[in-house]
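1. Okay, structure incoming, though there's no sequence with it:
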């Protein structure tokens, strides 16, 4: 019997184990449950998929906009509190109004309304004393509503409606503003689409009204910082279109109009570009100066100083919108037979913005070398306008030394398809520079180095996309260092050669050399954009010192292109740019060598913030040696004559540069 029980127990155990195994297998063979659908933010993120990077970028921009709007709100509130405080002080002192210790604008309005015979209840309900609240148009109306009964009342002989209609035409801080007119100013600044208030502006430019209120507050806060600072002369560049391609002055009245306006702004002088492509346009050594003679005679009438630019480059008008000016026609004809006189990229495309430095000492220009052509042009100018030098009208000569008149290779040509923030391309593939490279490689003992890098990317590449400019890339190899040093040294040789001949022509006259601001990719190790432009300035190298040593030899004035803000559409973070750090590196390197430094604004610097940044750079307040710019060149947009630029902004900028800013900078 005991054996039977044991058998039954044994069978029961087997059955139990079989049931467990069956349950386990059935559970494993069941299809997995459907995934749970994400909701809310998770669903949005899942739907975005691979666009999260773009969303993050957009989110970053949105965050910056929110921060900017917060700052605006704080400034508006500070402005309102300051005005309220003055109103309260006046009412308590002269009007004997019983205002609370911490009164706000509502308390002021209520007190004024009661003084005018209105009834103002604690919840804001306002009505005439003869009109019961139940019959009023609205029990609790917004204070700013144009339909408010208050707008038909009279406060001390001046109605709020009248104040709205008679408010100042330019947004500015004015102690005489009534509460109503102050409120309308805030509304106008906030609602730029309101045609009624926009039409009141004499500036005829919507972007001038934007943020004017905030900028005026900052102006008053910065006023004490600039008053009494060193005097920095301001020169304004004249528009290119006054002289046509036949060297004729085409709009004398327009010149007088512009000079009259500039004189009213107390500018110290003007800057005139003398274009090689216009003066020596048709035949070698046949110089036509007639249009410039007429222009200088008009400038003489206004008793303004003149800085003259020896412009040996082309101007395509892509940046400023000015007239298209080519190199001399006879030079272009030579270029058809010998295209190697122009800078050339790796793909063999020729850049006709300026002549290659490889022909500085090659007699390929009808028996003359490149620097001889420049020398003859400068000598012709000095001979033609010797009377201007004798009168002291010409204060300095700027010598164009590369693309855009700046000391750089034409590595960022928009005609070649370059767009910010591309790294650009090396411009050393014409046969003359290639001969120089082969010679340098042979002297180094490595003839196989006589080539340009084959992994440096294209015009619009990013550093990390190339094997040459990426982190620990070939730019820092033995070959890379050799090539970059040769490339930069070629630029230095060009500077030395041209300035040596210029000093023979102009003798006692001051020279100016313009240094570009290639600030994008400055936060990377390679500084790729600077390398392609000719400045060997990676993070472990000072590429500006050798250049400034040569400029010191010729006692030139270094003119730095100052960047107030990036151009519209440029993202500083995406390009790892640092315009401020680059500018200070250049300034300190020049000042340490005793060089005189000047500045010029980029085309993007036409707002108050940009101006203040430039002024801080021109007159660094923390500098114990009180160094500052010797002058500032204001590069105006082509639409200045038509009134598209904020003249009050330029007036403010000039007064700050002169160290004599007035309290009320915006004319009424």
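-> Cool, got the structure. What you are looking at is a predicted structure, and each value in this text was computed from that prediction instead of being measured.

2. same for the lengthiest helix in the chain, what does it pack against?
-> As assigned by DSSP state H, the longest helix anywhere in the chain is helix 52-90. The contact analysis (3 or more CB pairs under 8 Å, 6 or more residues apart in numbering; DSSP states H and E) places helix 52-90 against helix 105-115, helix 179-190, helix 212-226. To be clear about C-beta, it is placed using only N, CA and C from the backbone, and glycine gets the same treatment.

3. The first one to helix 52-90, inter-axis angle?
-> With axes from the mean of the first three to the mean of the last three CA atoms, to 10 degrees defining the directions, helix 105-115 sits at 40 degrees from helix 52-90.

4. how about helix 105-115: buried residues?
-> 105, 107-113 (16 or more other CB atoms under 10 Å).

5. ok, now stretch 419-439?
-> Buried residues in stretch 419-439 (16+ other CB under 10 Å): 420-434, 436-437.

6. Ramachandran coordinates for residue 399?
-> phi -100, psi 120 (degrees, to the nearest 10).

7. wait, isn't it in contact with residue 500?
-> No - taking CB atoms under 8 Å as the definition, residue 399 is not a contact partner of residue 500, at 11.1 Å.

8. Same drill for those two, tell me which one is more crowded.
-> The neighbour comparison of residue 399 against residue 500 (other CB atoms under 10 Å) goes to residue 399, with 26 against 13.

9. Dig out what the more buried one forms beta bridges with.
-> For residue 399, the beta-bridge partners under DSSP bridges are residue 310.

10. mind listing what it touches?
-> 310, 378, 498-499, 502, 511-513 (CB atoms under 8 Å, 6 or more residues apart in numbering).

11. And it, how close does it get to residue 495?
-> 9 Å (CB to CB, to the nearest Å).

12. Same check on residue 81?
-> Relative to residue 495, and taking CB to CB, residue 81 is found at 56 Å.

13. neighbour count winner among those two?
-> Shown here are residue 81 and residue 495; by other CB under 10 Å, residue 495 has more neighbours (21 against 12).

14. about what we covered before: dump the contacts of residue 399 to a markdown table, plus distance to residue 301, secondary structure and neighbour count.
-> Converted to a markdown table, the contacts of residue 399 look like this (distance: CB to CB, whole Å; DSSP: H, G, I helix; E, B strand; the rest coil; neighbours: other CB atoms under 10 Å):
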| residue | distance to residue 301 | secondary structure | neighbour count |
| --- | --- | --- | --- |
| 310 | 24 | strand | 24 |
| 378 | 26 | helix | 23 |
| 498 | 33 | helix | 25 |
| 499 | 33 | helix | 21 |
| 502 | 29 | helix | 23 |
| 511 | 27 | strand | 19 |
| 512 | 25 | strand | 24 |
| 513 | 30 | strand | 25 |
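
15. Just give me the closest of these to residue 60.
-> residue 513 (38.2 Å; CB to CB).

16. and the closest residue to that closest one other than its chain neighbours, what is it in contact with?
-> Of all residues not flanking residue 513 in the chain, residue 556 sits nearest, at 4.9 Å (CB to CB, 6 or more residues apart in numbering). By CB under 8 Å, 6+ apart, the contact set of residue 556 is 499, 510-513, 595.

17. does residue 354 belong to a helix or a strand, and which?
-> strand 350-355 (DSSP states H and E).

18. in its sheet, what does that strand sit against?
-> strand 342-344 (antiparallel).

19. as a whole number, average confidence for the partner strand?
-> Averaging pLDDT along strand 342-344 gives 98.

20. same question, stretch 540-547
-> Per-residue scores along stretch 540-547 average to 94.

21. Also stretch 114-130?
-> Per-residue scores along stretch 114-130 average to 77.

22. If you count neighbours, what's buried in it?
-> Buried, per 16+ other CB under 10 Å, within stretch 114-130: 118-120, 126-127.

23. Can you pick out the most distant pair from those residues?
-> Pairwise over the buried residues of stretch 114-130, using CB to CB, the maximum falls at 120 and 127, 8.6 Å.

24. Any regions of the stretch 1-150 of the chain where pLDDT drops low?
-> For the stretch 1-150 of the chain, the stretches with pLDDT under 70 are 1-59, 82, 85, 89, 92-96, 98, 100-102, 129-150.

25. again, 50 this time
-> By pLDDT under 50, the low-scoring segments of the stretch 1-150 of the chain are 1-6, 10, 14, 24-25, 27-29, 35-53, 134-150.

26. how about a markdown table for the buried residues of helix 105-115, with distance to residue 656 added?
-> Output for the buried residues of helix 105-115, formatted as a markdown table (distance: CB to CB, whole Å):
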| residue | distance to residue 656 |
| --- | --- |
| 105 | 33 |
| 107 | 38 |
| 108 | 35 |
| 109 | 38 |
| 110 | 42 |
| 111 | 40 |
| 112 | 39 |
| 113 | 43 |
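
27. From the residues you listed, pick the one nearest residue 279.
-> residue 105 (64.3 Å).

28. That closest one touches residue 80, doesn't it?
-> Yes - applying CB under 8 Å, one finds residue 105 in contact with residue 80, separated by 7.0 Å.

29. distance of residue 469 from residue 463?
-> Taking CB to CB, one finds residue 469 at 4 Å from residue 463.
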